Each structure stands twice: as C-alpha cells, then as structure tokens.
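1. Need a 3D model of the following:
(2 chains)
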Amino acid sequence: MSPAPPNDRPDATGRWGRLKAFFFERLGLEDLRALAAKKRVPIHQTTIFYFLGGMALFLFAIQVITGALLSLYYKPSPDQAFESVRAIMTEVDYGWLIRSIHSWSANLLIGVIFLHLLTTYIMRAYRAPREITWITGVLLLVVFLAFGFSGYLLPWNELSFFATKVGTAIVGAVPLVGEQLLLLARSGKEVTGDTLARFYSLHVVILPVATFAILGVHLFLVQKHGMSIPDRVAERRGGADKVPSMPFVPDFLVRDMVGWYLALGILAVLAALYPWELALKADPMASTPEGTKPEWYFLFMFQTLRATPAEVWGIENDVLVVLFFAFVGLVVLLVPFLDGGAPRGRTRQVFNVLVVAAVIFFIVMTAWGLLE
Amino acid sequence: MPESSSRRRWLLRSLQASIAATLAAVFYPVVRFLRPREATSSGAQEVVAPYRPSELKPDAGRGPRPFNFGGKPCLLVLSPDGEKRLAEGQKLLDGDVKAFNAICTHLDCTVEYRPEKADIFCNCHNGVYDLNGTNISGPPPRPLEAYKVTLRGTAKPGETAKPGQEEIIVSRTT
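-> Purely as a prediction, here's the structure:
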C-alpha cells in the first residue's frame, strides 16, 4: 500500500497526537476517513427525506440498548414473564422508563421505516443500480414487523396472548404450508410457554442477527452508490452532477444528530407522560376481552379481516386476506423491476395511482380500526 | 488429456457430493429440531363443569367464564328452553345446557356468552354465533365445536333433585 499523503495523517506531536497516530496507522483509519470524505448529500427541497434512514438507525440503536437492559430482568416463561415485566415496571429503578422507551421507540421506529419506504418510493431511489438497496430495505421492514410482533407477546398479558393467537392463526391460513408454519411459529398447536420461548429467541437472537446482516448490506450499498437524486431535481439543475451538495461528515451528520436529539426528547416525553401499560396477565381459558386489537401497524390488516365477509368467491376470509397482503408485499418487494420504464411512462402512472390508493387504504383502515 | 480431465471431473463431483452430504447431515437435525414436540396437554374425555345450571341464567350477570376442558376453554350456555323450565321449576333436560369449545373457528380467539343479546360473541373480529353454536354473522367460517352434555341430579336417595342444581358433565362426542 502506498503511504497516504502527509496531510491525511494526524499530527504526531504530543502524547495525544502520538496515540492518535498509533491507532491511525494500525487500524487503517485513513481509508475510513477517505470513505467518509467521499460521501456527500444532495441539497434540494426534499433533502429532509434523507434523514429518515439515519433516524431509523438511531431508534434501532435505542432498541438494542434498552432491549439489552430489559433482558437483565425479564424471564421468558409463562409463570414468570408477566411478573418479571411487572417487577421491571414497579420495582426496578427506572425500569418503567427503560421499558416505556423500548415500547415507544419500537412504534416510532416502525413509523419511520414506513415513511422511509414511502419517500424512497416517491424519489424513485430504487432504480438501477439501487434495486438491492430497496430489497434489503423491504426485508428490514419485514424483520422489524417481526420484531414488533414477537416483542408484543413477551409481557404475556391478555392482549398480547390473543394478538399472538390471531397472528399465528393468520399464518396458519396460508394455503398448503399453513399448518406447518403454524406449528413452527407456535411450537405446537396452541400458544404456550414453548411459543413464548420461541418468540423470545426470535426477538433477542435470531432477528437481531438477521438485522445486522441485512443492515450491513443495506448500509454498504448506500455508501457505495451514494445518495439518489430525484429526476426532477437533476433536470431542473441541468444534470445530477450540478445539484449542490454538502459533505456527510460533518455537515449532514451534525444535522442528523439534531434530529436524534429531538427524537430522544420526544421519547422521554412519551415515556414519562404515557408509560407503557401492562394490564392483565394472560389467561388461556378466559374469553378474549373487548377491544382486543393489535399494535397500530397491524391494524389495517386486522380491520380488513373484520370487514371482509366470512366467504368471498368460495374462499374463506382469512385465506383471502392472507393471499391479498402476500401479493401486495410481493409487489412492494419487486417495485424496482416492475417500474423499469421511462420517467413519465405508463407503468409509472399506474404505480403512482396504486401507491396513493395503498396509502389511503392504510390510513382509512387504521383509523377505522382505532375508532371501532 | 481426456483421461485426466475425466478424473478431475470425478474428483470435483465427489467433492460436491461430500459437501452436499455434510450440509444435509448438519441441517437435517436442525430442521427436525425446529419441529415442536408432541403436546403434553391433558386429553381428558370427560369433565364435571365448575358451574350448576342455575349459575348460567342470564340474570347471573355476564356469562360464566370458560373453564379448562382438556387444555381448551369450554363455554357453557343455557338454552332459552332450559331458561323457561328453570323459571317454572321444571326438571331440566340434557339438551337444555350446551357446551362448546370456546375457540372461535375464525382465528382462534376465545368467544364469550352474551346473555343480554342471547348470543355467543368473539371480540377479536366481531364474529357472532347463536346459542346453538351456529355461526350467524361476521367472519367465522364454521359453527363452534359442540360437546355432549349430561345432567346428573345431585339429590340423595329419597329426596327430589332441585332443578338447576344438577351437575353438568361435559364429554367429547367422539
């Protein structure tokens, strides 16, 4: 390797300087510095969209930290899960804060990922060569929905117990392999302590490992391909290379950090004013209580299940709804390949209409589910 | 040389086969491991319900909570005929008390008896069953699974059993 230009090296005078130079040389930090210097963020009226990915990353870091803390006291068994979460909420110093931040941050995180997906779509940032960036992003959304679903059961309260029963029963409605999937998800025919153990493992081992793997590829690709510039912006400026930009380090990163600080404040306020509830312990023999609903990000599916008749064209309600959402998910995953056409081509128009329809559907069904 | 190239191909194939066999040997136990073990829940064929028919009357407030029958919640319901007989002090018939597997046939929630509406309701997706367990509105695709009910008088020899105080014996029909 050729030596880096002298101005790239830290000043090796003084004790601090020598220490810095020591690590610089041994860790190859000049490569990292060159990498950081390469990354620039375009400036235009939707630059704010570029903050969403970093915001998701920040909230994920909060999840990792608070999750690790919660795992110090949580006990994943039907006899102890509820009691251990109650102890976290009432006995452990600041336990209520850590758990409430974990729950609130989880919800904000899913919301931010939804927005990140939507704005990436609006900017058409999924086009070549960024197809795999998009696909890994959609996979991360799926992983985080799984995080939400598996984490919901862990307190082993009434709501979470029935939400898990319904959620896994929906998996069971998948044609052909449904029964096997249901056994795999529940670790048996019923939701039991084995299910809790499986969800716990999923939540704290399997999904985190999957996240780090997929996120690694996602971030590498973002770095490799740089930030995407929307067509309209490039056109107005007379070429993508003429769009003004700012360096990621430190200009954009400092702005990112302002956003993170704001998010931290919002989380603290939410956790302090609305500590997360625990309610009643799950009782497998009790009737499902009134007002049993999933978290807001699954409400649209829940409401669709409620609003669809028992049978449509001879297909049972649950099978139909599962097939419908599986199809929608597949289309979302394949967006970069389905919309390969011209900027103002027909596919693009059809897609725009579909996306607007999907967003309206999501909002209406969620609101309906909340109000009913 | 053709001989050496075929030998090389053979070696390569062997290597590939060995890798495949190793992968199979590693992943087969893992896949089997993921399959849940057999359930150990009780397969009870018959149970004496923790309620007497008089406790099932609609004016007894919200319907009685389901109870455990072989690992599944079991719901008891007093039919309108039974209610009438009980009010007139007549002897109850076996069919006057109904017992159902309380698991909703839609997506596995647990249903509840709503005496004030004389129906069985699922709070998850608003499924409604009548008091015979037949699905009448909402998403449920099938009626509730019904159990056989036998009423057993608890009077001592020489006394007459008081209607409404019989033991409710729930059993699987199969």
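
2. in chain B, which spans are helices?
-> Assigned helices in chain B, in chain order: B:2-34, B:80-87 (criterion: DSSP state H).

3. what about chain B, any weak spots by pLDDT?
-> Low-confidence segments of chain B (pLDDT under 70): B:1-3, B:39-43, B:58-63, B:154-161, B:174.

4. Which residues are in contact with the residue nearest in space to the middle of it?
-> By CA atoms, centre = their mean, chain B has its centre lying nearest to residue B:101, at 3.9 Å. Neighbour list for residue B:101: B:69, B:72, B:73, B:74, B:75, B:144, B:145, B:146, B:147 [criterion: CB atoms under 8 Å, 6 or more residues apart in numbering or on different chains]. In short, each C-beta sits where N, CA and C put it, glycine included.

5. Of those residues, which ones also sit close to chain A?
-> B:72, B:73, B:75 (CB under 8 Å from any CB of the partner chain).

6. Do I have it right that the last one meets residue B:104?
-> No - with contact defined as CB atoms under 8 Å, residue B:75 does not count as touching residue B:104 (10.6 Å).

7. Please say which of the two ends up with more neighbours.
-> When residue B:75 and residue B:104 are compared on other CB atoms under 10 Å in any protein chain shown, the one with more neighbours turns out to be residue B:104, at 29 against 26.

8. residues in contact with the nearest residue to the more buried one once chain neighbours are set aside?
-> Closest residue to residue B:104 apart from its sequence neighbours, by CB to CB, 6 or more residues apart in numbering or on different chains: residue B:122 at 4.3 Å. Contact partners of residue B:122, counting by CB under 8 Å, 6+ apart, are A:288, B:104, B:106, B:109, B:110, B:111, B:112, B:128, B:129, B:138, B:140.

9. what sits opposite residue B:122 in the beta ladder?
-> residue B:127 (DSSP bridges).

10. Following the chain past the helix or strand harbouring residue A:271, name the next helix or strand.
-> Residue A:271 belongs to helix A:253-273 when assigned by DSSP states H and E. Using DSSP H and E, the helix or strand that follows helix A:253-273 towards the C-terminus is helix A:296-307.

11. buried stuff in stretch A:46-66?
-> For stretch A:46-66, the neighbour count (16 or more other CB atoms under 10 Å in any protein chain shown) marks A:47, A:49-60, A:62-63, A:66 as buried.

12. from those residues, which ones fall inside helices?
-> Among those, the ones falling in helices (DSSP H) are A:51-60, A:62-63, A:66.

13. ranges for the strands of chain B?
-> B:46-48, B:67-69, B:72-78, B:97-101, B:112-114, B:119-122, B:127-129, B:135-137, B:146-152, B:167-171 (DSSP state E).

14. anything in contact with each of residue B:75 and residue B:104?
-> Residues touching both residue B:75 and residue B:104 (CB under 8 Å, 6+ apart) are B:111, B:144.

15. In the stretch 251-372 of chain A, what residue lies closest to chain B?
-> residue A:287 (3.6 Å; CB to the nearest CB).

16. Can you tell me what sits against stretch A:192-202?
-> A:76-79, A:81, A:146, A:150, A:153-154, A:156, A:164, A:168, A:185-188, A:284, B:36-37.

17. Filter those down to the buried ones, ChimeraX style.
-> Buried residues within these, by 16+ other CB under 10 Å, are selected in ChimeraX with:
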select /A:76,78,81,146,150,153,154,156,164,168,185,186,187,188,284 /B:36
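
18. Who are the contact partners of residue A:75?
-> A:81, A:83, A:84.

19. The second one belongs to a strand, doesn't it?
-> What that stands for is residue A:83. No - secondary structure of residue A:83 (DSSP: H, G, I helix; E, B strand; the rest coil): helix, not part of a strand.

20. OK, contacts around the closest residue to chain A within chain B?
-> Proximity of chain B to chain A (CB to the nearest CB) peaks at residue B:112, 3.6 Å away. Residues in contact with residue B:112 (CB under 8 Å, 6+ apart) are A:287, A:288, B:62, B:63, B:66, B:75, B:102, B:120, B:121, B:122, B:123.

21. try residue A:42
-> A:50, A:227, A:229, A:233, A:243, A:244, A:245.

22. So which of the residues you listed reach chain B?
-> Okay, of these, nothing touches chain B (CB under 8 Å from any CB).

23. list the contacts for the closest residue to residue A:147 other than its chain neighbours?
-> Of all residues not flanking residue A:147 in the chain, residue A:207 sits nearest, at 5.3 Å (CB to CB, 6+ apart). Residues in contact with residue A:207 (CB under 8 Å, 6+ apart) are A:143, A:146, A:147, A:150.

24. Average pLDDT for the host helix or strand of the third one, rounded please.
-> By that I understand residue A:147. Assigned by DSSP H and E, residue A:147 belongs to helix A:131-153. Confidence over helix A:131-153 (mean pLDDT, whole number) is 97.

25. As PDB, could you dump the C-alpha coordinates of it?
-> Output of helix A:131-153 as PDB, limited to C-alpha atoms (Å, rounded to 0.1, in the frame of the first residue of the first chain):
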ATOM      1  CA  GLU A 131     -32.500  -2.400  -6.600                       C
ATOM      2  CA  ILE A 132     -30.800  -4.500  -3.900                       C
ATOM      3  CA  THR A 133     -30.700  -1.500  -1.600                       C
ATOM      4  CA  TRP A 134     -34.500  -1.300  -2.000                       C
ATOM      5  CA  ILE A 135     -35.000  -5.100  -1.500                       C
ATOM      6  CA  THR A 136     -32.800  -5.200   1.700                       C
ATOM      7  CA  GLY A 137     -34.900  -2.200   2.900                       C
ATOM      8  CA  VAL A 138     -38.100  -4.000   2.400                       C
ATOM      9  CA  LEU A 139     -36.600  -7.100   4.100                       C
ATOM     10  CA  LEU A 140     -35.700  -4.900   7.000                       C
ATOM     11  CA  LEU A 141     -39.300  -3.600   7.300                       C
ATOM     12  CA  VAL A 142     -40.400  -7.300   7.400                       C
ATOM     13  CA  VAL A 143     -37.800  -8.100  10.100                       C
ATOM     14  CA  PHE A 144     -38.900  -5.100  12.200                       C
ATOM     15  CA  LEU A 145     -42.600  -6.000  11.900                       C
ATOM     16  CA  ALA A 146     -41.500  -9.500  13.100                       C
ATOM     17  CA  PHE A 147     -39.600  -7.700  16.000                       C
ATOM     18  CA  GLY A 148     -42.800  -5.900  16.900                       C
ATOM     19  CA  PHE A 149     -45.000  -9.000  16.700                       C
ATOM     20  CA  SER A 150     -42.600 -11.200  18.700                       C
ATOM     21  CA  GLY A 151     -41.900  -8.500  21.300                       C
ATOM     22  CA  TYR A 152     -45.600  -7.900  21.800                       C
ATOM     23  CA  LEU A 153     -46.100 -11.400  23.300                       C
END
